[in-house]
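Visitor: Need coordinates for the following:
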Amino acid sequence: QLQLVESGGGLVQPGGSLRLSCAASGATLDRYAIGWFRQAPGREREEVAFITSDSIVSQYAGSVKGRFTVTRDNAKSTGYLQMHGLKPEDTAVYYCAAGPVFRTMEIWGRGTQVTVSS
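Guide: Numbering: from 1, shown residues only. Now for the predicted structure:
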């Protein structure tokens, strides 16, 4: 059974960068689309980015477009979310998820905290 583990979160100053990783185990990731989501305290979970299993298509929330990049390495069964130009409003727990259909997520990781603060 596919399991996902996020890593790479932490504390960063405004304007800084982080790269989140989503490592898969129990099954290969290459047949799954990947999604990244985030949830800030007191707010609903929101979509951040999606990428198809073959990396041909990616989509971004308007709030992160141009600053975040979603990629994947199927040989390593790992997905990535590169984040640049981080803002305090990007502070949240970030989750990766996977599913057999683009934007339809079925398997979720436990999340990694990203805090943007000076």
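
Visitor: Pull out the buried residues from the host helix or strand of F37.
Guide: F37 belongs to strand 33-39 when assigned by DSSP states H and E. For strand 33-39, burial by neighbour count (16 or more other Cβ atoms under 10 Å) applies to 33-38. (Each C-beta comes from the backbone N, C-alpha and C, glycine too.)

Visitor: ok, and what's touching it?
Guide: 20, 22, 45-53, 70, 72, 79, 81, 90, 92-105, 111, 114 (Cβ atoms under 8 Å, 6 or more residues apart in numbering).

Visitor: same question, stretch 65-76
Guide: With Cβ under 8 Å, 6+ apart as the test, stretch 65-76 has contacts from 23, 28-30, 34, 36, 48-51, 53, 55, 58, 60, 78-86.

Visitor: quick one: which of those sit in strands?
Guide: Secondary structure assignment by DSSP state E places 23, 34, 36, 48-51, 58, 60, 78-83 of those in strands.

Visitor: what's across from the residue positioned nearest the centre of the chain in the sheet?
Guide: Centroid-nearest residue in the chain, with Cα atoms, centre = their mean: W36, separated by 3.2 Å. Beta-bridge pairing for W36 (DSSP bridges): A49, C96.

Visitor: now it: how far from G109?
Guide: 10 Å (Cβ to Cβ, to the nearest Å).

Visitor: A27: what's it in contact with?
Guide: Taking Cβ under 8 Å, 6+ apart as the test, what A27 contacts is 1-2.

Visitor: Now do the same for it: its pLDDT.
Guide: pLDDT recorded at A27 is 90.
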